[in-house]
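S.K.: Sequence first, then the predicted structure:
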Amino acid sequence: MPLIRLDNPTPKLPANRPGWDAFTAMAFRPLYLVAAIFGALAVLAWVAGFTGTAALPGLFWHGHEMIWGYAGAVVVGFLLTAVATWTGQPAFSGRPLVGLTLLWLAARVAAATEGGTPWITGALSVGFFVAGAVAMGVPVWRARNKRNAGVPLMLLALGLANALFLCALSGGLDLDPRRLLLAGLLVVAGFITLVGLRVIPFFTHRALQRPQVSHPRWAGLVAMLSPL
């Protein structure tokens, strides 16, 4: 009687199982993940006695990485995800999103290792915000979405504050770097206000099943600019 050989069948992933394509389909997935991991590692490094680098010493490394590193990734991840809903355009995804995430990671490595003048950190970090602003500005322009036309400019403002901070820190600009840290923090506060104006009313409307009450456009602008 011939023997019948039974091999373990190779399991096939169901079509709807999350994979790499799903992971890079929306900007918040990779950017929120790397921000969360970086935030945890940065806290551990700080507690362990890491005091920054020659380019970004002590408090300045901590402030730079929390504002333009951690918060920057969260802000860009949210905006590049939300802009698809706001404009009806395809989401920023795939290889361009992977490239943007790698650019952010490279900036974090440079900030933790660079000595002397932080030119590499500045180029990578500011480049991340410029790329994010372009990635958001394209669908806004294609959809002629005037309501969100100013948001990419806010991203550029965050990148500008980053560049000015690094220039001041390296002695190329006669400004107090601590004030520029505060400027970056205020821009982030403006983004938090924007999220509150858009997201909180939407989910409140969904939860209560009641008409969403709109607010005057000037009220939103005042709320975003008030931290300044």
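M.R.: Cool, the structure landed.

S.K.: helix or strand right after the helix or strand where F128 lies?
M.R.: Per DSSP states H and E: F128 is located in helix 119-142. Sequence-wise, the next helix or strand downstream of helix 119-142 (DSSP H and E) is helix 151-169.

S.K.: ok, and the closest non-adjacent residue to the residue nearest the centre of the chain?
M.R.: Nearest to the geometric centre of the chain sits A73, at 2.4 Å (Cα atoms, centre = their mean). Excluding its sequence neighbours, the residue lying closest to A73 (Cβ to Cβ, 6 or more residues apart in numbering) is A35, at 3.9 Å. Glycine gets a C-beta too; all of them are placed from N, C-alpha and C.

S.K.: Low-confidence bits of this protein, can you list those?
M.R.: For the chain, applying pLDDT under 70 flags the ranges 1-18, 212-217, 219-221, 223-228.

S.K.: max-length helix in the protein?
M.R.: helix 177-208 (DSSP state H).

S.K.: ok, back up a step: pretty sure the residue nearest to the centre of the chain is in contact with L103, am I right?
M.R.: No. Judged on Cβ atoms under 8 Å, A73 makes no contact with L103 at a distance of 10.6 Å.

S.K.: contact partners of stretch 71-79?
M.R.: 27-32, 34-35, 38, 100, 104, 125, 128-129, 132, 136, 151, 155, 158, 188, 191, 195 (Cβ atoms under 8 Å, 6 or more residues apart in numbering).

S.K.: Do I have it right that N162 meets G69?
M.R.: No. With contact defined as Cβ under 8 Å, N162 does not reach G69; the gap is 9.9 Å.

S.K.: Mutual contacts of the two, please.
M.R.: S125.

S.K.: Direction-wise, compare the helix or strand where R95 lies with helix 119-142 and give the angle.
M.R.: In this assignment (DSSP H and E), R95 forms part of helix 94-113. Using axes from the mean of the first three to the mean of the last three Cα atoms, to 10 degrees, one finds that helix 94-113 and helix 119-142 are set 150 degrees apart in direction.

S.K.: Quick one: distance of helix 94-113 to the chain centre.
M.R.: 11 Å (Cα atoms, centre = their mean, to the nearest Å).

S.K.: Quick check: buried residues in it?
M.R.: Neighbour-count burial for helix 94-113, with 16 or more other Cβ atoms under 10 Å as criterion, is recorded at 97, 100-101, 104-108, 110-112.
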